[in-house]
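*Asks:* structure for this input, please:
(one chain, ligands or ions: 1)
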Amino acid sequence: MIGVTGSTGRLGSRIARLLAEAGVPQRLIVRDAERAPALPGAEVAQAAYGEQALAGALDGVETLMLLSATESADRVALHKATVEAAVAAGVRRIVYTSFLGASPGATFTFARDHWHTEEHIRSLDVDFTFLRDNLYLDFVTGLVGEDGTIRGPAGDGRVSAVARDDVAAVAARVLLDPGHSGAVYDLTGPAAFTLAEAAAVLSVATGRRIGYEAETLDEAYRSREAYGAPAWEVAGWVTSYAAIASGELSTVSTAVQDITGHPPTSLETYLANRPPPT
Ligand SMILES: NC(=O)c1ccc[n+]([C@@H]2O[C@H](COP(=O)([O-])OP(=O)(O)OC[C@H]3O[C@@H](n4cnc5c(N)ncnc54)[C@H](OP(=O)(O)O)[C@@H]3O)[C@@H](O)[C@H]2O)c1
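*Replies:* This is a model prediction of the structure:
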């Protein structure tokens, strides 16, 4: 039995659908059973990360696809409680969606959460596979402001953003093959581009003039003050750009091709197949 969390979301729903198409039984562990996708071979259990209900939801699950939780101040604690519940329930392997370059000092502050979660999983008696996704392609295309400008402290750095479809395809393969135990995969697109290059590609794809303006870190923090978000969240937003500037998100990996047998989706192909709203 494969347990899948996050199937009400954009990545988890894709993974669950691929498993269903492969005819594999799975248990969708969701926060709200009414929103679980209806898929052949899938049963549904209701539990949020860190909740007592996880014990029952995980009972009989051998391999767990653990999607990282929505960012919050206590995300690492939620992840830790969830992997501990999984091990206590007898889960033998955890496949976890981490982040490219996860480390305690990563420029992108949310990537630090992933490193702490990885380390906790490593400390437990359980097999694991870590999928270190880069920023998703639609996250990057979603950076365009209403005035058609991407503004952030990304300098001239590059980002090898990856399609959610490619991450889901890798996850499905990895879940079905225990040979991936112990592996850590960087999941990236086929090339790393600057945000100025992304703006140019977006301009062609949308027929709208889209530009990029590099901010300083100070400007970025000041321009986001008005949203009234907590400091940890603003830091996450700003450092996602700063991580691009630092070069930490520019790695280009062959893992999508190696594992799925097809090349990763480029920004151009992603936009051609699914034009962003204009
Ligand atoms: N690499 C990137 O560019 C990027 C961008 C965005 C997010 N992410 C990370 O990648 C994860 C998956 O991405 P996505 O695009 O599929 O995000 P998404 O569409 O927001 O889906 C997140 C999924 O995780 C579930 N979830 C969140 N917090 C939970 C909790 N505390 N307990 C139980 N379930 C929880 C959500 O359940 P509900 O439907 O009940 O909310 C939803 O099913 C995100 O959660 C986030 O950590 C990465």
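
*Asks:* excluding its backbone neighbours, what's nearest Asn67?
*Replies:* Rather than Asn, residue 67 is Leu. Leaving out its chain neighbours, the residue that sits closest to Leu67 by C-beta to C-beta, 6 or more residues apart in numbering is Gly6, at 3.1 Å. Just so you know, the C-beta spots here come from the backbone N, C-alpha and C atoms, and that holds for glycine as well.

*Asks:* give me the pLDDT value at the one you found.
*Replies:* pLDDT recorded at Gly6 is 98.

*Asks:* and the one 10 residues further on, by the same measure?
*Replies:* Ala16 is assigned a pLDDT of 98 by the prediction.

*Asks:* repeat that for Ala226.
*Replies:* With respect to pLDDT, Ala226 has a value of 88.

*Asks:* on that earlier part again, surely the residue nearest to Leu67 meets Thr82?
*Replies:* No: Gly6 sits out of contact with Thr82 when judged by C-beta atoms under 8 Å, with a separation of 11.3 Å.

*Asks:* of these two, which one has the most company?
*Replies:* When neighbours are counted by other C-beta atoms under 10 Å, Gly6 and Thr82 differ, and Thr82 comes out ahead with 26 against 23.

*Asks:* and the more buried one, what element?
*Replies:* Of the helices and strands defined by DSSP states H and E, Thr82 is found in helix 75-89.

*Asks:* what's the first helix or strand after that helix?
*Replies:* Following helix 75-89 in sequence order, the next helix or strand is strand 93-99 (DSSP H and E).

*Asks:* burial count for the residue of the chain found nearest the ligand?
*Replies:* Distances from the chain to the ligand, computed as C-beta to the nearest ligand atom, single out Gly9 as the nearest residue at 2.0 Å. Using other C-beta under 10 Å, the number of residues around Gly9 comes to 15.

*Asks:* distance of the residue nearest to it when sequence neighbours are not counted from Asp59?
*Replies:* With C-beta to C-beta, 6+ apart as the criterion, Gly9 has its nearest non-adjacent residue at 6.7 Å, and that residue is Leu67. Leu67 sits 20 Å away from Asp59 when distances are taken as C-beta to C-beta, to the nearest Å.

*Asks:* great, nothing more from me.
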